[in-house]
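Enquirer: model this:
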Amino acid sequence: MAEYRRNKIRTAWHMVKGIENWPTAMGMRLRRKNPRLRLLAFRNGLNIACRGGTRDWDVVHELYFAGSYGRAMNFLKNLPGEPLVFDLGGNIGLFSLLAALTHPSARIHAYEPGPPNYQVFEMNCLANPSLARRIHLHKEAVGGQTRVADWFFDEFNPGGSGMFGSSGLKYQVQIRAFAEIISSMTSDIALAKIDIEGAEYEILTSIPPEFWQRIQAISLELHSDPAGKISPARFMEQMKQFGFKIEQESVITYFLHR
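Expert: Numbers count the residues shown, from 1 in each chain. All right, here's what the predicted structure looks like:
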């Protein structure tokens, strides 16, 4: 109970310290079932729209306050030139915006297929025009093969939506092969964030090994294989064979780099 109270106090302090309109954020936390859209104005200039009644706030807390992509951002900020960043599984756009904020010349290609998430991502681009100029948002998912497929929207946990759900609103979305996307780029990828709810396994089995050489670093959230054919341990062993060094950040998140 004491630890729970400390966490509540810490979260409240983060809100006050980091968000100009912190009463709005506090209200979002206290009235969690209220589905109203809120716009949070951060003290560093970011403006982020969040959906009440969902886990959007958890995404903000994890990425902004808990620094869950800290290794990726530290890697990115020290790169020269105009590094190319991929955001696979863009959700509401916070990773892309943080990447643009971290490196003033980074070019970001974000992929988010689901209409409900894509709409909020678009809103967040409109709310951050100076950063959005370097973000190219694609209404597509990324997988092993180019095709049209069903995509299931989780209303409570929008970031957990994906092609391998079995309930929730269903949409037909465009999937693009990861190899096809890499081939279309004129430069190598400095950093790829991959959080695609299990589709990482079909990428692993479909992309030619030499394509991984065009990626310097990966921030990966590794799920279970929806097909049940490859274990997470086997997935990581394969990435080592492709030349990546692996640092575990949490139970299911990893930073891979050369």
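
Enquirer: who's in contact with Thr54?
Expert: Taking CB atoms under 8 Å, 6 or more residues apart in numbering as the contact definition, Thr54 lies against 35, 155-158. Using the backbone N, CA and C atoms, a C-beta is placed for each residue, glycine as well.

Enquirer: ok, 7 Å please
Expert: Thr54 makes contacts with 155-158, as judged by CB atoms under 7 Å, 6 or more residues apart in numbering.

Enquirer: could I get stretch 41-54 in CSV with only the CA atoms?
Expert: C-alpha atoms of stretch 41-54 as CSV (Å, rounded to 0.1, in the frame of the first residue of the first chain):
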residue,chain,number,x,y,z
ALA,A,41,0.3,20.8,-23.2
PHE,A,42,3.8,19.7,-22.1
ARG,A,43,6.3,22.3,-20.8
ASN,A,44,8.8,21.3,-23.5
GLY,A,45,6.4,22.4,-26.2
LEU,A,46,4.8,19.1,-27.1
ASN,A,47,1.0,19.0,-27.4
ILE,A,48,-0.5,15.5,-27.2
ALA,A,49,-4.2,14.5,-27.6
CYS,A,50,-5.3,11.6,-25.5
ARG,A,51,-8.5,9.6,-25.4
GLY,A,52,-10.2,9.2,-22.0
GLY,A,53,-11.4,5.8,-21.0
THR,A,54,-8.4,4.2,-22.8
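
Enquirer: What are the buried residues along that stretch?
Expert: Counting neighbours by 16 or more other CB atoms under 10 Å, one finds that the buried residues in stretch 41-54 are 42, 46-52, 54.

Enquirer: Select from these every entry located in strands.
Expert: 47-51 (DSSP state E).

Enquirer: just those now: which is nearest Leu63?
Expert: Ranked by distance to Leu63 (CB to CB), those are led by Ile48 at 9.7 Å.

Enquirer: sec struct for the closest residue in space to that closest one that isn't next to it in sequence, please.
Expert: Using CB to CB, 6 or more residues apart in numbering and skipping the chain neighbours, the partner closest in space to Ile48 is Leu40 (4.9 Å). Local secondary structure at Leu40 is given as strand here, using DSSP: H, G, I helix; E, B strand; the rest coil.

Enquirer: From Glu62, how far off is Leu40?
Expert: Counting by CB to CB, to the nearest Å, the gap from Leu40 to Glu62 is 14 Å.

Enquirer: Quick check on these two: which one has the bigger neighbour count.
Expert: Leu40 (23 against 17; other CB atoms under 10 Å).

Enquirer: From what I see, Phe164 and Gly198 are in contact.
Expert: Yes - because the distance of 4.9 Å satisfies CB atoms under 7 Å, Phe164 is recorded as touching Gly198.
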